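Trainee: here's my sequence, what's the structure:
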Amino acid sequence: MTTTIVLTRRWTPAVEAALCERFDVRLNPEDTPLSHDEIVRRCAGATVLCPTGPDKVNRELIERLPDSVKLLANFGAGTNHIDVAAARERGLLVSNTPGGVVDATADLTFGLIIATCRRFAEGVQMIRDDQWQGWGINFMLGSQVSGKTLGIVGMGAIGTAVAKRARGFDMPVLYHNRQRRPEAEQLTGASYCDTLETLLEQADIVALTCPLTPATHHLIDAVALQRMRPEAILINTARGPVVDEEALIVALREGSIAAAGLDVFEDEPHVPEALVQLPNTFLLPHMGTSTREARDAMGFIARDNIVRFLETGALIDPVV
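Mentor: Model (predicted):
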């Protein structure tokens, strides 16, 4: 009997084709967000539900899922949208796709670092508005990236990949993490800060690559922003709620920090107009893993977790 799986959104064509070869797949060809009622309806008789980041897989939804559902195979590394405790109580396993997101997110993080330091957003807008009046010695002065001290908050796989890229720019790297990572230090030359405060006070560029948990919600608040240097730049490719957005707007307006490069926001897809209007921001619409290679990899990792579960009852990438 063919196993039925439910996708809440469109996956890449290559992955959907591979899934359809092996499973009975209930697709979402319109790629529109599904209500809880619709997800429950589509899961009738299904064994696997495959949610994505925008899906709110909360306790209410988990308790309504049919008894046939045994696995939540998440498309993405982050699982803050899933009530893992509620899933565990229901006897549901949860998998994610950590290996597929690393290089794409690290590339984009470094792209944000360069674009924000060098004021790319203002330069592009000047060209589009036909406001460029010509070259000058003091024209559009930004901050050089090479040689600056990079502070990484969250030294998991993505943070380590960012630190590796920083070596090519001769950047001293500091990091703060729940636990010290000697293997990452050996690989990247990064130095450990046992407190976040120490990192914020010493870094020229602060890059957030940590997961969103209760402990990291609003980790960067008004107090943290005041600890940063006035010429410092904040980069967030983690999750929007890691930063207190209102406090960030105030800090950018008042010059407590120089600029911010953001790929994630507190209430996506809403971006506060006050943030959009600030000239010292570089803003992207949550594009961290938006490469063909990464999205294919994420989908195939999810598929491999489903196969392992069906064959052995275990997972390659369990969320615990």
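Trainee: and for Val84, the neighbour number?
Mentor: The number of residues packed near Val84 is 17, by other C-beta atoms under 10 Å. All C-beta atoms are positioned from the backbone trio N, CA, C, and that covers glycine.
Trainee: secondary structure element for the residue minimising distance to the centre of the chain?
Mentor: Nearest residue to the geometric centre of the chain (C-alpha atoms, centre = their mean): Ala238, 4.0 Å. Of the helices and strands defined by DSSP states H and E, none includes Ala238.
Trainee: list the buried ones in the longest helix along the chain?
Mentor: Counting by DSSP state H, the longest helix found in the chain is helix 292-312. Within helix 292-312, the residues that qualify as buried by neighbour count (16 or more other C-beta atoms under 10 Å) are 294-306, 308-310.
Trainee: so what secondary structure elements neighbour that helix?
Mentor: The contact analysis (3 or more C-beta pairs under 8 Å, 6 or more residues apart in numbering; DSSP states H and E) places helix 292-312 against helix 13-22, strand 48-50, strand 71-73, strand 93-95, helix 102-117.
Trainee: go again with 6 Å.
Mentor: Helix 292-312 sits against helix 13-22, strand 71-73, with contacts defined as 3 or more C-beta pairs under 6 Å, 6 or more residues apart in numbering; DSSP states H and E.
Trainee: ok, for the residue nearest to the centre of the chain, nearest residue in space, not its chain neighbours?
Mentor: Leu208 (4.3 Å; C-beta to C-beta, 6 or more residues apart in numbering).
Trainee: show me the helices in the stretch 151-300 of the chain, by range?
Mentor: Applying DSSP state H, counting those that start in this stretch to the stretch 151-300 of the chain gives helices spanning 157-167, 182-188, 196-202, 222-227, 245-254, 273-277, 292-312.
Trainee: out of these, flag the one nearest Gly53.
Mentor: helix 292-312 (11.0 Å; C-beta to C-beta).
Trainee: got a list of what the nearest residue to Ile158 once chain neighbours are set aside touches?
Mentor: Leaving aside its sequence neighbours, Ile158 sits nearest to Thr209 (C-beta to C-beta, 6+ apart; 4.5 Å). Thr209 sits next to 154, 158-159, 238 when contact means C-beta atoms under 6 Å, 6 or more residues apart in numbering.
Trainee: columns pLDDT on top of these, output as JSON lines?
Mentor: JSON lines is the format used below for the contacts of Thr209 (pLDDT from 0 to 100):
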{"residue": "Gly154", "pLDDT": "98"}
{"residue": "Ile158", "pLDDT": "98"}
{"residue": "Gly159", "pLDDT": "98"}
{"residue": "Ala238", "pLDDT": "98"}
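Trainee: and these, which is closest to Thr2?
Mentor: Nearest to Thr2 out of the contacts of Thr209 is Ile158 (C-beta to C-beta; 36.0 Å).
Trainee: ranking the helices and strands packed on helix 292-312 by burial, who's on top?
Mentor: strand 71-73 (a mean of 24; mean count of other C-beta atoms under 10 Å).
Trainee: so which bits of stretch 249-267 are buried?
Mentor: 249, 251-252, 256-266.
Trainee: centre of the chain to it, how far?
Mentor: 17 Å (C-alpha atoms, centre = their mean, to the nearest Å).
Trainee: check stretch 40-55 too.
Mentor: Distance, stretch centre to chain centre, for stretch 40-55: 22 Å (C-alpha atoms, centre = their mean).
Trainee: CA atoms only: put it into CSV for me.
Mentor: What follows is stretch 40-55, C-alpha atoms only, in CSV (Å, rounded to 0.1, in the frame of the first residue of the first chain):
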residue,chain,number,x,y,z
VAL,A,40,-6.8,18.5,8.6
ARG,A,41,-9.1,17.7,5.6
ARG,A,42,-6.1,16.9,3.4
CYS,A,43,-4.5,14.7,6.1
ALA,A,44,-7.3,12.2,6.2
GLY,A,45,-5.7,8.8,5.8
ALA,A,46,-2.2,10.4,5.4
THR,A,47,0.9,9.2,7.3
VAL,A,48,3.1,12.2,6.9
LEU,A,49,2.4,16.0,7.0
CYS,A,50,5.1,18.2,5.5
PRO,A,51,4.8,21.7,6.8
THR,A,52,6.9,24.8,6.1
GLY,A,53,7.9,27.8,8.1
PRO,A,54,4.8,29.9,7.6
ASP,A,55,2.5,27.1,8.8
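Trainee: how about that stretch: buried residues?
Mentor: 40, 42-43, 46-53, 55.
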